[in-house]
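Colleague: I'll drop the sequence and a predicted model, then ask my questions.
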Amino acid sequence: MSRIPAVHLKMPSGVNQTGTVIFFHGSGGTGDLMKQWVDLMVKNFSFSQIKIIYPTAPLQPYTPAAGEMRNVWFDRIDINQKVPENLSSLAQIETEVKNLINTEVSSGIPVNRIIVGGFSMGGALALHTAYRWEPNLAAAFAFSSFLNDNSIVYKQLKDSEGKVHISVPPLLHIHGNSDDLVDLSWGKTTFEHLKTLGVQGEFHTIHRLGHSINRTGLNLIYSWIQKHLPEI
């Protein structure tokens, strides 16, 4: 069982669950706040056969906030694409994310009926999940998200190139062109680098959007989920 607390969007009465979406929040947020923002932007962000899970990151010291305690998925040296990743911190959350996925699999949901995605740091976590830890997922999405230039995700994808039976989930990447925390160029560089390593998908730029989710982006995610987790 995962030790990550989460808000679960319950299935309608009498309906069998056939898929799961795990939606990771950004740094300093919570699963409950992520769900509130989604509900505020989109009136009915729900599906008849799909459960949506909004996990909350563990409370831990966060270096970019001078070591203050924050709900973050992993620690990092700085909010800068040039710095190395904190691999030990990523390894700790890897265990928790795998437990979260395994809980769904144990309940009868196949791995290829699970989508992971997130906003900002949550999107980065989704990229590590889909392209390092569980490549058999149905799809992934990232909103205003990033990977560092020397990310271990790139290395792992490069190392797996040419191997038989290796496939990776498609990616929906959304980014605002007024993002003042994670610049649009960082998001584009991330997507293009993943694309050169075999990741197929779509990149959408949203005009006049800063570092935030919005209705347009969430509607894109909604359609993406419908496409990759169709009713069965």
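Modeller: Right, received. Where do you want to start?

Colleague: which residues of this protein fall in strands?
Modeller: Taking DSSP state E to define them, one finds strands in the chain at 6-9, 19-24, 50-55, 59-62, 68-71, 114-119, 139-143, 171-176, 201-206.

Colleague: can you put those strands in CSV and add mean pLDDT?
Modeller: Below are those laid out as CSV (pLDDT from 0 to 100):
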stretch, mean pLDDT
strand 6-9, 64
strand 19-24, 97
strand 50-55, 95
strand 59-62, 96
strand 68-71, 96
strand 114-119, 98
strand 139-143, 98
strand 171-176, 98
strand 201-206, 98
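
Colleague: could I get those strands as a markdown table with distance to E161 and mean neighbour count?
Modeller: To be clear about C-beta, it is placed using only N, CA and C from the backbone, and glycine gets the same treatment. As requested, the strands of the chain are exported to a markdown table (distance: least, Cβ to Cβ, whole Å; neighbours: other Cβ atoms under 10 Å):
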| stretch | distance to E161 | mean neighbour count |
| --- | --- | --- |
| strand 6-9 | 34 | 16 |
| strand 19-24 | 27 | 26 |
| strand 50-55 | 31 | 23 |
| strand 59-62 | 34 | 15 |
| strand 68-71 | 35 | 14 |
| strand 114-119 | 22 | 28 |
| strand 139-143 | 19 | 28 |
| strand 171-176 | 17 | 26 |
| strand 201-206 | 17 | 16 |
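
Colleague: Report how many residues lie close to the nearest residue to F45 once chain neighbours are set aside.
Modeller: Counting by Cβ to Cβ, 6 or more residues apart in numbering, F45 lies nearest to V38, which is 5.0 Å off, once chain neighbours are set aside. Residues near V38, counting by other Cβ atoms under 10 Å, number 22.

Colleague: Provide a list of residues in contact with V38.
Modeller: Contacts were defined as Cβ atoms under 8 Å, 6 or more residues apart in numbering; by that measure V38 touches 23, 45, 54, 213, 218.

Colleague: Return the member of those residues nearest to A124.
Modeller: Nearest to A124 among the contacts of V38, counting by Cβ to Cβ, is F23 at 13.7 Å.

Colleague: Not counting sequence-adjacent ones, nearest residue to that closest one?
Modeller: Y54 (5.3 Å).

Colleague: do the same with I109
Modeller: Beyond its immediate neighbours in the sequence, the residue positioned closest to I109 (Cβ to Cβ, 6+ apart) is T20, lying 5.2 Å away.

Colleague: For that neighbour, name its beta-bridge partners.
Modeller: K51, I114 (DSSP bridges).

Colleague: Who are the packing partners of the lengthiest helix in the chain?
Modeller: Looking only at the chain and at elements set by DSSP state H, the helix with the highest residue count is helix 87-106. Counting by 3 or more Cβ pairs under 8 Å, 6 or more residues apart in numbering; DSSP states H and E, the packing neighbours recorded for helix 87-106 are strand 19-24, strand 50-55, strand 114-119, helix 121-128.

Colleague: Who are the contact partners of I77?
Modeller: 63-64, 83-84, 86.

Colleague: Farthest pair within those residues?
Modeller: P64 and P84 (14.2 Å).

Colleague: Compare those two (neighbour count), which wins?
Modeller: Looking at P64 and P84 with other Cβ under 10 Å, you find the greater number of neighbours at P64, namely 15 against 12.

Colleague: mind listing what that one touches?
Modeller: Residues 76-79 are the ones in contact with P64 under the rule Cβ under 8 Å, 6+ apart.

Colleague: What separation do you get for it and R208?
Modeller: Note on P64: its distance to R208, by Cβ to Cβ, to the nearest Å, is 26 Å.
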